[in-house]
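K.L.:
missing the sequence, but the structure's below:
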C-alpha cells in the first residue's frame, strides 16, 4: 500500500470516527510527535539517570511492573 493510499484511508476513517476517547488519544499522540525531543530538554543529571536505567534494563537489573504495583498497593495495569 502506498503512503498516499494509507493517508487517504486514515483520513476517511478519521472523518467517520465519533469516539471522543480515541479522538483524544490520537490528538495527544499527534501533539507528542510534533513536539521537540523531550530528551534534549533534560538536565545532565536527568540524562544520566535515564542512561543508568537503560543500562540496568540491558543488564537484567529490573523487576516486573506487577511487583512494583504490589509494593504500592495497586493492581498491575493491563
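P.N.:
Structure's in. What do you need? Treat the numbers as computed from the prediction; the structure is a model and nothing was measured.
K.L.:
Can you list the low-confidence ranges for this protein?
P.N.:
74-78 (pLDDT under 70).
K.L.:
if you set the cut-off to 90 instead, what comes out?
P.N.:
Applying pLDDT under 90 to the chain flags residues 1, 29, 31-41, 64-78.
K.L.:
Need the residue closest to the centroid of it.
P.N.:
residue 29 (8.3 Å; CA atoms, centre = their mean).
K.L.:
mind checking which helix or strand that residue is in?
P.N.:
Element membership of residue 29, judged by DSSP states H and E, is helix 20-34.
K.L.:
which residues sit against the helix or strand following that helix?
P.N.:
Next along the chain after helix 20-34, taking DSSP H and E as the criterion, comes helix 44-58. For helix 44-58, contacts defined as CB atoms under 8 Å, 6 or more residues apart in numbering pick out 39, 42, 62. Where you see a C-beta, it was placed from the backbone N, CA and C, and this is true even at glycine.
K.L.:
The second one and residue 50, how far apart?
P.N.:
So the one you mean is residue 42. Noted for residue 42: a distance of 7 Å to residue 50, by CB to CB, to the nearest Å.
K.L.:
ditto for the last one
P.N.:
For residue 62, the distance to residue 50 equals 14 Å [CB to CB].
K.L.:
Please report the number of neighbouring residues for residue 57.
P.N.:
Look at residue 57: counted by other CB atoms under 10 Å, it has 10 neighbours.
K.L.:
do the same with residue 26
P.N.:
Residue 26 is flanked by 14 other residues according to other CB under 10 Å.
K.L.:
Could you check what's spatially nearest to it, not counting adjacent residues?
P.N.:
residue 14 (7.5 Å; CB to CB, 6 or more residues apart in numbering).
K.L.:
Is the one you found in contact with residue 30, as I believe?
P.N.:
No - between residue 14 and residue 30 there is no contact, the gap being 10.8 Å when judged by CB atoms under 8 Å.
K.L.:
Can you give the domain ranges for this structure?
P.N.:
For the chain, automatic domain parsing gives the domain ranges 1-35, 37-78.
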